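1. quick one, what's the 3D model for this:
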Amino acid sequence: MARRRQIYEGKAKILYEGPEPGTIIQYFKDDATAFNAQKKGTISGKGVLNNRISEHIFTLLGQIGVPTHFIRRLNMREQLVRQVEIVPIEVVVRNVAAGSLSKKLGIEEGTQLPRTLIEYCYKDDALGDPLISEEHIACFGWATQEEMHDIADMAIRINDFMCGLFAGIGIRLIDFKLEFGRLYDGDYSRIILADEISPDGCRLWDAVTNEKLDKDRFRRDLGGEVEAYQEVARRLGLLPEGLDTTVLDLDTHRKKREKE
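-> Coordinates of the predicted model:
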């Protein structure tokens, strides 16, 4: 098999040239980073779980008419996606106060927001992905007004769908980030959902206990990262029932493992 040409390596994924023009192979790594890569580590098996979870969510979004870059999963760690020109904006959708929002504005973490809040950040690790306004986006030409309308509309639609999806499996969708890209057809382009949706980029809390089932377990040294990601996959029906992957009380589970 010919060696594939690597196009890009990010914090959580590697992109390779795809088998057909206009396609890319997205490889999910086990690497974990936080605070703009100031904290680094590895979560064993994270890439496999994120690949499966992202495939599942992107497939469901496609079924309700949200255009995405996802084509199909190739194997445990790779998926085939459409090549897009990434819009240099991270879209953060917030339903509940947490993380940087709580820290910046002094709002207690876990406070339900009066309405869904959409924030935009400029995608630049060296700058720490600074918070920006739609005025910045227009001023510097990062996206057109029409593209921003499409992005905001899709973000709200994705949020509505995912809130229901996760509520149905006993999980609160606190916040999450999205990335979008331009899919070209000749001179014409349209905005589609890109990147991934997984516990790496979502805050997911158990609806009863508020147990964190996402990358905050790594950010805040809570431990039990693998178990949390497995629990999300299990509740989504992506792991076979009966395996030792049911983790409702992560603290108890982690203490039990430490004794073994």
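
2. and stretch 92-106, what's its mean pLDDT?
-> Averaged over stretch 92-106, pLDDT sits at 97.

3. show me how far that stretch is from its chain's centre.
-> Offset of stretch 92-106 from its chain centre (CA atoms, centre = their mean, to the nearest Å): 17 Å.

4. swap in stretch 85-96?
-> On CA atoms, centre = their mean, the centre of stretch 85-96 falls 10 Å from that of its chain.

5. now the end-to-end length of stretch 219-238.
-> Length of stretch 219-238, first residue to last, CA to CA, to the nearest Å: 25 Å.

6. buried residues in it, which are they?
-> 219, 223-236 (16 or more other CB atoms under 10 Å). Yep, even glycine has a C-beta here, placed from its N, CA and C like the rest.

7. wait, which of the residues you listed is closest to Glu146?
-> Nearest to Glu146 among the buried residues of stretch 219-238: Leu236, at 33.9 Å, using CB to CB.

8. show me the buried residues of stretch 219-238 that map onto helices.
-> Arg219, Glu225, Val226, Glu227, Ala228, Tyr229, Gln230, Glu231, Val232, Ala233, Arg234, Arg235 (DSSP state H).

9. in the stretch 151-260 of the chain, which spans are strands?
-> Assigned by DSSP state E, counting those that start in this stretch, the strands in the stretch 151-260 of the chain fall at 171-185, 188-194, 202-206.

10. circling back: of the buried residues of stretch 219-238, just say which sits nearest to Cys202.
-> Of these, the one sitting nearest to Cys202 (CB to CB) turns out to be Val232, at 8.7 Å.

11. specify the beta-bridge partners of the residue nearest to Pro67 when sequence neighbours are not counted.
-> Of all residues not flanking Pro67 in the chain, Ile192 sits nearest, at 4.2 Å (CB to CB, 6 or more residues apart in numbering). In this structure, Ile192 bridges to Gly181 when assessed by DSSP bridges.

12. hang on, isn't Ile192 packed against Arg82?
-> Yes - when contacts are counted by CB atoms under 8 Å, Ile192 is listed as touching Arg82 (7.3 Å).

13. list residues touching both of those two?
-> Common contacts of Ile192 and Arg82, defined by CB atoms under 8 Å, 6 or more residues apart in numbering, comprise His69, Leu183.

14. any stretches of the protein with poor pLDDT?
-> The model of the chain has pLDDT under 70 over residues 1-3, 36-37, 241-260.

15. give me the distance between the lengthiest helix in it and the centre of its chain.
-> Assignment by DSSP H gives helix 145-167 as the longest helix of the chain. Relative to its parent chain, helix 145-167 has a centroid offset of 14 Å by CA atoms, centre = their mean.

16. and if you look at stretch 172-183?
-> Distance, stretch centre to chain centre, for stretch 172-183: 6 Å (CA atoms, centre = their mean).
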